[in-house]
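**Q** sharing a model that was predicted from the sequence below.
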Amino acid sequence: MMERKYVPETKETLTNKDFKSDQMVKWCPGCGDHFILNSLLNAYPQTKHKKENIVLVSGIGCSSRIPYYVDTYGFHSIHGRACAIATGVKLANPALSVWINMGDGDSMAIGGNHLIHICRRNMDVNITIHNNEIYGLTKGQYSPTTKFGMITKTSPFGTIDYPFNPGELVMGAQGTFFARTIDCDPKLTTNMMVRASEHNGASVVEVLQNCMIFNDKTHAPITNKDVRDDKTIVLEHGKPMIFGKEKNKGICFNGHQLEAVVIGENGVTIDDIMVHDETTEDTGVHMMLARMHGDMPVALGVIRNVRKDTYTEMYEAQMDDQKANGKYKCVDDLLNSGDTWEI
Amino acid sequence: MSQEQLVINNMEDVVVRFAGDSGDGMQLSGNLFSDAAALTGNDIATFPDYPAEIRAPHDTVAGVSGYQVHVGNHIYSSGDKADILIAMNPASFKSNLKWAKKGATVIVDVDTFSDDHLTKAGYTESPFTEELELAYTIIKAPITSFTERIGKEQGVDAATYSKCRNMFALGMVFYLTHKTLDKTFAYLERKFAKKPAVIALNKAVLSEGYEFADKLELIHSKIVEAAPAEMPKGRYRNITGNVATAWGLMAASERSGRNIFLGSYPITPATDVMVELSKYKSLGVKVFQAEDEIAGICSSIGASYAGALACTSTSGPGLSLKSEALGLAVMAELPLVVVDVQRGGPSTGLPTKTEQSDLNQALYGRNGEAPLIVVAASSSANCFYWAYTAAKLALEHMTPVVLLTDGYLGNGSQLFRIPKVADLPSITPRLATPNDPNYRPYRRDPETLAREWALPGMEGLRHRIGGLEKADGEGHLSTDPENHKTMTWNRQEKVNRVANYIPEQEVMGDPDGDLLVIGWGGTAGSLTKAVEEMNAEGKKVAYTHFNYISPLPKNTGDILRKYKKIVVCELNNGQFLGYLRTQFPECPMHQYNKVMGLPFEVGELKDEFNKILGE
């Protein structure tokens, strides 16, 4: 395993205010994007990166306006291409901490190809997907994560598109880090962003985000304060998968699938509850956890975190090796190589 | 027969065309012949003519692969028609005879002219009619059986010796062109250093071909020797356009101090630019094979933002896919070199054939008012300098540049006089100064209007850019109508002012000509030759060839207005003509166009020019 840290750390103590830009934030009042921005501003100081060394790349959509509100280097690019642009930034200068913010349409419809390939390559970037399950900036058309059957402006009779589960997509593409959080839990969201930054490789944080205008309360059945404890589970590495208002529910593996159980009922004890291991290379359990919904709690927290050589590490290793051992030291060497003759 | 008794026909230039099944080694034969010619003092130009299929069905016309070599003095192109044609099977004979001059020497592998091979090639009877034998010197050489005999003598398996048939033909060509075998022997010894058996076999087959020709009295009056080239003194090498493009970009990287980054996706005929650059991590070259054309250019735009000399290579369909991102580079005012090795279009078109039909796409193929610099290379060797120039203009003027080459230049090869990188023009990227208190993302140089390049990692210059319209100077988002007008003007004027930094357009041929011939890009070789020949015949023809397309050199209008008759020649339906007409509507212009996936021939050009002169 290669161990390379390219991004230098700063000793300076920064706060969220240091990362706030002077631009007016123009999202709708109450939009989940405000929470995500604040979580990011809280996460940056904890990453110990200098402001100059952070590049925030976005695509197109409401969420993609975020670079203007953060006082780092930023690139508000074109629809779907943030991952490709960020890849170039990181490869050109591995000493930069590269962040990508995209919406669900941006990342999984028009930009789906780039998302799977950045995961497959394990490019060392931090991706945040603002998942509000709708196209907001174009005013309310269904997205690749819109719930099946939903009526939107372009599906007046209900969608017949089966939605993507971003976690499954990321892991199917050999992604090494996937976490899920909810916009209205800034502490968890901040924490997930810090964890993403700590991960060497492509890290994807899906934030279940509310769009007040075009898809209000789409996540409410699991994120509302009164149901959240029973409808979600925050996974922690090395700890039993316990949830519920009374902390008495847990996740078991019944031999062929995951199951939600109540401790103390039907002979279930704490020892029957699965212990979360985010580091297993096999995606099997992580996939099952990412898929949980309906009668099962929706998994939050870091679901998968696997260390694997990153593209940047392997690329730089080849560069170093070739610079040390390569045949040519300058372009003149190359021009005069092989068959040449005087006239 | 001793060499003294031979009649050597001294020629200014000789064209040799090798044709056979894909996989018969015709490209290699052509390469070895052109290298040997160059090493013995000829100027050279080569052009491969191969099918899009890797291995089409054996012995069919669809599977024929050709390689044309033009050697001698004043070689500007791969030549019109061949003096010597090699046809390794009936299919290649059938499809290539039209590329041989009347009276040409045609070598065929007679062993392959059996009934079944003839049928596969679409012949119902032997093609060697009396009429044909009178029109050409046809040498029916038993190439397959001789090669087989040598292979068996040396105890080599059939799979190995059957790959050497091309060496027999090559040996005959060396005899016919009055050249020795030593250069090719040296190549074989280098190439197969670890396989002595392969060296011995190839040498034996090559020599056998040479001796076979020596024994044929039929061709002793047919020996041609191409004139040595009168070229400037210097160190030379053979180079293809795609390799020259890659090396030009690398030279620009070294000279500018910016590491090169190429984000690309394989596409014929541009792939070799990426393949070549992939070899040089030792020189700091970063190549990223992206998941698609869009990711290719977008990763380059990201790398440009981060401070690299960013490039992407493609061909027509790929350039279409890159359009939106190219607009982003225009808007973000970032340096970027887009190499378009043009091929026949539209859509998938003719992937392995040449054309100049992406000009309009390069000039206009984006939404909005999105001007950029367009330059075009005009020979395989000068792809080096035009790639270098494209990089220089991008870095100094902070704008994307499209470099147009084409399949003919990219795959063709030429002699290249090797420069010293230190002698190339300087390149000064417009880098911002860290902690400059007055830095603003869209602050411009008052002369060039180029903004500054502030790289992530530089202290005190944090800023945001992107595809939305930005306020002049400050770079914040702006939808102000007056600002949009100003920024649109800035982007256009910045490109227009590049004309202040490029040389004036030159006129060649007879400057007082009755006709001005205009060309651009990859057609320079045949146009130069046509005009030279007409001038030699006493015809008053002037010629100007454009490499700077957008902007045009400042004196373009002055030149055009001087001539009563103008003809614009290009391998499309008149795209450059249309571009010139919008800028110089006062100048009447004829057009001569060819869209057959083929380069111009000197003969057809002269016919056309004579016609216009006579009108």
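**A** Yep, it's here. Small disclaimer: the values here were computed from a predicted structure and weren't measured.
**Q** which residues does the residue of the stretch 101-250 of chain A found nearest chain B contact?
**A** Proximity to chain B, evaluated over the stretch 101-250 of chain A using Cβ to the nearest Cβ, is greatest for A:His117 at 4.1 Å. In short, each C-beta sits where N, CA and C put it, glycine included. Counting by Cβ atoms under 8 Å, 6 or more residues apart in numbering or on different chains, A:His117 touches A:Cys83, A:Ala173, B:Ala290, B:Glu291, B:Ala295.
**Q** count the neighbours of the residue in the stretch 301-450 of chain B that chain A sits nearest to for me.
**A** Proximity of the stretch 301-450 of chain B to chain A (Cβ to the nearest Cβ) peaks at B:Gly302, 2.7 Å away. The local packing of B:Gly302 (other Cβ atoms under 10 Å in any protein chain shown) involves 34 other residues.
**Q** so what's it closest to, chain neighbours aside?
**A** What sits nearest to B:Gly302 in space, not counting adjacent residues and going by Cβ to Cβ, 6 or more residues apart in numbering or on different chains, is A:Gly88, at 2.7 Å.
**Q** which helix or strand contains the one you found?
**A** Using DSSP states H and E, A:Gly88 maps to helix A:82-92.
**Q** give me the neighbour count for residue 268.
**A** Picking chain A for this. When counting by other Cβ under 10 Å, one arrives at 17 neighbours for A:Val268.
**Q** hmm, I had chain B in mind actually
**A** B:Thr268: 20 neighbours (other Cβ under 10 Å).
**Q** helix, strand or coil: sort out it for me.
**A** Three-state assignment for B:Thr268 (DSSP: H, G, I helix; E, B strand; the rest coil): coil.
**Q** not counting its neighbours along the chain, what's nearest it?
**A** According to Cβ to Cβ, 6+ apart, the nearest residue to B:Thr268 is B:Pro351 (4.4 Å).
**Q** isn't the one you found up against B:Ala270?
**A** No. The criterion here is Cβ atoms under 8 Å, and B:Pro351 misses it with B:Ala270 at 10.3 Å.
**Q** neighbour-wise, which of the two wins?
**A** Counting neighbours by other Cβ under 10 Å for B:Pro351 and for B:Ala270 shows that B:Ala270 has the greater number, 29 against 18.
**Q** buried residues, stretch A:185-204. List them.
**A** A:185-186, A:188-197, A:199-204 (16 or more other Cβ atoms under 10 Å in any protein chain shown).
**Q** of those residues, which belong to helices?
**A** By the criterion of DSSP state H, membership of the buried residues of stretch A:185-204 in helices covers A:Pro186, A:Leu188, A:Thr189, A:Thr190, A:Asn191, A:Met192, A:Met193, A:Val194, A:Arg195, A:Ala196, A:Ser197.
**Q** next, format these as JSON lines and append distance to B:Val402.
**A** As requested, those are exported to JSON lines (distance: Cβ to Cβ, whole Å):
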{"residue": "A:Pro186", "distance to B:Val402": "46"}
{"residue": "A:Leu188", "distance to B:Val402": "48"}
{"residue": "A:Thr189", "distance to B:Val402": "43"}
{"residue": "A:Thr190", "distance to B:Val402": "44"}
{"residue": "A:Asn191", "distance to B:Val402": "47"}
{"residue": "A:Met192", "distance to B:Val402": "43"}
{"residue": "A:Met193", "distance to B:Val402": "39"}
{"residue": "A:Val194", "distance to B:Val402": "43"}
{"residue": "A:Arg195", "distance to B:Val402": "43"}
{"residue": "A:Ala196", "distance to B:Val402": "38"}
{"residue": "A:Ser197", "distance to B:Val402": "38"}
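**Q** give me the most central residue, chain B.
**A** B:Leu409 (0.9 Å; Cα atoms, centre = their mean).
**Q** might one say that that residue is in contact with B:Cys383?
**A** Yes. The criterion here is Cβ under 8 Å, and B:Leu409 meets it with B:Cys383 at 6.0 Å.
**Q** which residues do these two both contact?
**A** Here B:Leu409 and B:Cys383 have B:Gly241, B:Ala377 as joint contacts, going by Cβ under 8 Å, 6+ apart.
**Q** quick one, helices of chain A?
**A** Under DSSP H, chain A gives helices at A:32-47, A:82-92, A:104-105, A:112-121, A:166-172, A:186-198, A:220-223, A:225-231, A:284-291, A:311-325, A:331-335.
**Q** just say which of those is most tucked in.
**A** helix A:82-92 (a mean of 31; mean count of other Cβ atoms under 10 Å in any protein chain shown).
**Q** can you give me how far that helix is from the chain middle?
**A** Distance of helix A:82-92 from its chain centroid, counting by Cα atoms, centre = their mean, to the nearest Å, is 16 Å.
**Q** likewise for stretch A:114-122?
**A** Offset of stretch A:114-122 from its chain centre (Cα atoms, centre = their mean): 12 Å.
**Q** quick one: mean pLDDT for it?
**A** Average pLDDT, stretch A:114-122: 98.
**Q** the residue of the stretch 301-450 of chain B closest to chain A reaches A:Thr87, doesn't it?
**A** Yes. Between B:Gly302 and A:Thr87 a contact is recorded at 6.3 Å, counting by Cβ under 8 Å.
**Q** skipping its backbone neighbours, what lies nearest the closest residue to chain A within chain B in space?
**A** Here chain B gets closest to chain A at one residue, B:Ser282, 2.3 Å apart by Cβ to the nearest Cβ. Leaving aside its sequence neighbours, B:Ser282 sits nearest to A:Gly326 (Cβ to Cβ, 6+ apart; 2.3 Å).
**Q** so the one you found makes contact with B:Val285?
**A** No. With contacts defined as Cβ under 8 Å, A:Gly326 does not count as touching B:Val285, sitting 10.3 Å away.
**Q** ok, the two, which is more surrounded?
**A** It is B:Val285, of A:Gly326 and B:Val285, that has more neighbours when counted by other Cβ under 10 Å, with 24 against 15.
**Q** who's in contact with that one?
**A** Per Cβ under 8 Å, 6+ apart, neighbours of B:Val285: B:Met250, B:Ser253, B:Asn259, B:Ile260, B:Leu262, B:Leu277, B:Ser278.
**Q** does the second one really touch B:Gly284, like I thought?
**A** Yes. Contact criterion Cβ under 8 Å: B:Ser253 and B:Gly284 qualify, at 7.2 Å.
**Q** shared neighbours of these two, anything?
**A** B:Asn259, B:Ile260.
**Q** who's more crowded, those two?
**A** Counted by other Cβ under 10 Å, B:Ser253 and B:Gly284 do not tie: B:Ser253 has more neighbours, with 26 against 17.
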